[in-house]
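In: What would the 3D arrangement of this be:
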Amino acid sequence: MLRGPGLMVDLVQTEEAEYKLDGLVLTIEGCGRAKADGAAVLQAFGIISYDDEHAVYRMRAFNDGRWMETEVRLAEDGKGMTWGFALGEVRTSSVLRINEVGEWTEHAEIIFGAQPPKTLLEVAVRLAG
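Out: Numbering: from 1, shown residues only. A predicted model of the protein is given here:
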C-alpha cells in the first residue's frame, strides 16, 4: 500500500464482509497491519447499499477520520465491482474481483493531477478457516 510519496508498506490485511438487513446492506471492515511490526496502518469501514431513486449502488467509506461517498458499478458477470473517489486533483480507481471459491482480489490506483496512475494498493483476501 502506498502511504506517501515513494513509501510502499507491506500489510497483513483482514477484511470482514457481511450482509445486513436481509441483504439490503453490505458492510466491509478492513484492518491492515504492517508486516514489519504489526502496527495498525489502515482501518477502513464501508457500507454499500442500493439507491432506488437513481437505480445505482452507492458506497460510503470511512478511514483516517474522514468519509467519502461514491457510486459502485457491478461487473457484468456479477463477480466484482469498481469504484473510485475524487478529492481535488487526487483521484482513485479500484477494481475488486471475486474468484470461483469466493476469495477476492482488489487493485487500486491513485492519480495526482496529470501524473500517470500509481498503484495505491494490491489486496488478495483468502477465506478464514
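
In: can we go C-alpha only for contacts and neighbour counts from here?
Out: Noted.

In: Beyond the lowest-mean-pLDDT helix or strand in the chain, next helix or strand please.
Out: Counting by mean pLDDT, DSSP states H and E, the chain has its least confident helix or strand at strand 2-4, which shows a mean of 66. For strand 2-4, the following helix or strand on the C-terminal side (DSSP states H and E) is strand 7-8.

In: who touches the following helix or strand past that following strand?
Out: Where DSSP H and E defines the elements, the next helix or strand beyond strand 7-8 is strand 11-20. Around strand 11-20, the neighbours that count as contacts under CA atoms under 8 Å, 6 or more residues apart in numbering are 1, 25-35, 41, 123, 125.

In: What are the buried residues along the helix or strand following strand 11-20?
Out: Counting by DSSP H and E, the element after strand 11-20 in chain order, helix or strand, is strand 25-34. Under the neighbour-count criterion of 16 or more other CA atoms under 10 Å, strand 25-34 has 26, 27, 28, 29, 31, 32, 33, 34 buried.

In: now do stretch 93-103
Out: 93, 94, 95, 96, 97.

In: who does the second one bridge with?
Out: Here residue 94 shows beta-bridge partners residue 83, residue 108, assigned using DSSP bridges.

In: and the gap between it and residue 24?
Out: Relative to residue 24, residue 94 is positioned 22 Å away (CA to CA, to the nearest Å).

In: what's the offset of the longest strand anywhere in the chain from the middle of its chain?
Out: In the chain, with assignment by DSSP state E, the single longest strand is strand 40-51. Centre-to-centre, strand 40-51 and its host chain are 7 Å apart (CA atoms, centre = their mean, to the nearest Å).
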